[in-house]
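**Q** Need a 3D model of the sequence below.
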Amino acid sequence: MFTIVIERKAEEFLKKLPQKTRRIAVEKILELQEDPFPGGNKEKLECPHPPAVYRLHISRSFTVFYLIENDEQVVKIEKIMTIERAHKEYSRT
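**A** Numbers count the residues shown, from 1 in each chain. As a prediction, this is how the structure comes out:
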């Protein structure tokens, strides 16, 4: 089982969400404890340099960007943002 570590900005984003939305997002993030690897609504992004970055879609509303530190069994949540912002920031239409 992996340990989840959430960066401060990602945690602040979660805290600003309405209670029901936050509950759903936290449930999906906690599922990464069992299996953080690609499949279903998770995918590995193409990055030219390590570490590999992974993306988790939550409903059709949010995207979570995270790293997997396999040796330490840690999933590090780097960013959480709306899907619209993620597409703008990562130049996807």
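**Q** buried set for stretch 34-42?
**A** By 16 or more other C-beta atoms under 10 Å, the buried positions in stretch 34-42 come out as 36, 42. For glycine as for every other residue, the C-beta is placed from the backbone atoms N, C-alpha and C.
**Q** any idea of the mean pLDDT in that stretch?
**A** Stretch 34-42 shows a mean pLDDT of 88.
**Q** Quote the end-to-end distance of that stretch.
**A** Taking C-alpha to C-alpha, to the nearest Å, stretch 34-42 runs 13 Å from one end to the other.
**Q** same check, this time on stretch 66-84
**A** End-to-end distance for stretch 66-84, by C-alpha to C-alpha: 18 Å.
**Q** and it, how far from the chain's centre?
**A** 5 Å (C-alpha atoms, centre = their mean, to the nearest Å).
**Q** what comes up buried for it?
**A** In stretch 66-84, counting by 16+ other C-beta under 10 Å, buried: 66, 67, 68, 75, 76, 77, 78, 79, 80, 81.
**Q** so the closest residue to the third one other than its chain neighbours, which of the three states?
**A** Put plainly, it is residue 68. Nearest non-adjacent residue to residue 68, counting by C-beta to C-beta, 6 or more residues apart in numbering: residue 36, 5.1 Å away. Secondary structure state of residue 36, per DSSP: H, G, I helix; E, B strand; the rest coil, is coil.
**Q** From the centroid of this protein, which residue is nearest?
**A** The centroid of the chain falls nearest to residue 64 when counting by C-alpha atoms, centre = their mean (2.4 Å).
**Q** Residue 76 should be in a helix, yeah?
**A** No: looking at residue 76 with three-state DSSP, it is strand, so not inside a helix.
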